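Participant: only geometry, no sequence info:
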Ligand SMILES: NC(=O)c1ccc[n+]([C@@H]2O[C@H](COP(=O)([O-])OP(=O)(O)OC[C@H]3O[C@@H](n4cnc5c(N)ncnc54)[C@H](OP(=O)(O)O)[C@@H]3O)[C@@H](O)[C@H]2O)c1
């Protein structure tokens, strides 16, 4: 099979295409083997190429494989999202639901080899049946951003769809992979959406379901955001130096929630090692929570976690036409370095996808 991998962290030149890679082997009885038809690129893939998160991912790999030999660090295949077809299953997989030949979609946890391969092994609990109305290319654009948004919503306990009904939600960064999905998900749950985007995305954000759309490059951005507030829930997908300007937009009665995707867990453990890094995270979290309390709001970090059940729910919303994929560019499997370069240049509009049949 064909598979992309790296043998050390670095830049795009480290990506090597192996035309004769061995088929991955199922070792866990709950794992399945998938023939991948499409995958998409997320900023985390570019970051992991450069070594981001390698300390904590290394630790998780060791814990997951204990007491047998830890999974190897290299060669490493990147790529979290996939859509494809089941070709084999471990002996404990529920074959009623996940029959051989079934089309599935999902995101691969970072302790497993990624989806930039023609075949991958994934835990059956992390995947779901692909929505029939989507092509593989469309389906591959969604799982990672969907699972991340789901985690963001459940960071404060189970904030389920009915919590969002008639709530005012602010999505900071509505044009990226997560933002374009989050607008649609929270809208489908009955929230009124305000979002920030650059001027080229104003019309598209409205199409996706945002009611109030603010051009973040304009000087009156803060004023406009506060004129549409106070918000019940803010999802922040942008690295902000001025996050206090956001906290003051939330309802100051501790019913409101601010969740950011920019957590210090991976950067801290990369910089200080596991023990000191996690201690620093505890301190950062305490300061962060304290800052939120000063504004009368609850704050939290969200970190992606694979979630097959969440994807089942998202699939229903897709079949009911509440959510549609937002795809900017499609590349062939062999064009992975180009696709990674595109995502690394930022200014993404929805997702960049690899079509393995091109
Ligand atoms: N914690 C986690 O587990 C987790 C999971 C997924 C993603 N993330 C992180 O969350 C961030 C977003 O992810 P993504 O996949 O959506 O990235 P993305 O697809 O690259 O999108 C980022 C978007 O933000 C826009 N943007 C930049 N500056 C902005 C600003 N000041 N205000 C509003 N929009 C702005 C960008 O377009 P313009 O620059 O052209 O405006 C781009 O459309 C990334 O940093 C990613 O690493 C974290």
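Facilitator: Perfect, I can see it now. This one's a predicted model, so the numbers in the text were calculated from it and none came from an experiment.
Participant: isn't residue 356 up against residue 118?
Facilitator: Yes: taking Cβ atoms under 8 Å as the definition, residue 356 is a contact partner of residue 118 at 6.5 Å. Placement of C-beta: from N, CA and C, glycine included.
Participant: any residues in contact with both of the two?
Facilitator: Contact criterion Cβ atoms under 8 Å, 6 or more residues apart in numbering; residues shared by residue 356 and residue 118: 36, 333.
Participant: what's the burial count for the closest residue to the ligand within the stretch 151-300 of the chain?
Facilitator: Going by Cβ to the nearest ligand atom, the ligand is nearest to residue 176 of the stretch 151-300 of the chain, at 1.9 Å. Using other Cβ atoms under 10 Å, residue 176 is surrounded by 25 other residues.
Participant: go on, residue 179?
Facilitator: Around residue 179 there are 29 residues (other Cβ under 10 Å).
Participant: before we move on, what about residue 128?
Facilitator: Residues lying near residue 128 (other Cβ under 10 Å) number 24.
Participant: after the helix or strand where it lies comes which helix or strand?
Facilitator: Using DSSP states H and E, residue 128 falls within strand 127-129. Later in the chain than strand 127-129, the nearest helix or strand by DSSP H and E is helix 136-140.
Participant: elements contacting that next one?
Facilitator: Counting contacts by 3 or more Cβ pairs under 8 Å, 6 or more residues apart in numbering; DSSP states H and E, helix 136-140 packs against strand 31-41, strand 81-89, strand 103-107, strand 327-332, strand 351-355.
Participant: got these as a markdown table, with mean neighbour count and mean pLDDT columns?
Facilitator: Output for the helices and strands packed on helix 136-140, formatted as a markdown table (neighbours: other Cβ atoms under 10 Å; pLDDT from 0 to 100):
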| stretch | mean neighbour count | mean pLDDT |
| --- | --- | --- |
| strand 31-41 | 26 | 98 |
| strand 81-89 | 23 | 98 |
| strand 103-107 | 27 | 98 |
| strand 327-332 | 17 | 98 |
| strand 351-355 | 24 | 98 |
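Participant: can you check which of these gets nearest to the ligand?
Facilitator: Closest among the helices and strands packed on helix 136-140, using Cβ to the nearest ligand atom: strand 351-355, at 7.1 Å.
Participant: now do that closest one: distance to the chain's middle.
Facilitator: 14 Å (Cα atoms, centre = their mean, to the nearest Å).
Participant: what packs against it?
Facilitator: If contacts are counted by 3+ Cβ pairs under 8 Å, 6+ apart, strand 351-355 sits against strand 31-41, helix 136-140, strand 327-332, helix 336-344.
Participant: got a list of contacts for the shortest one?
Facilitator: The contact list for helix 136-140, computed with Cβ under 8 Å, 6+ apart, reads 37-40, 81-84, 103, 105, 130-131, 325, 327, 330, 353-357.
Participant: contact partners of the helix or strand following that helix?
Facilitator: Next along the chain after helix 136-140, taking DSSP H and E as the criterion, comes helix 143-154. With contact meaning Cβ under 8 Å, 6+ apart, helix 143-154 is reached by 40, 42, 44, 80-82, 105-107, 159, 164, 177-178, 180-182, 185-186, 235, 259, 261, 302-307, 310-311, 314, 351.
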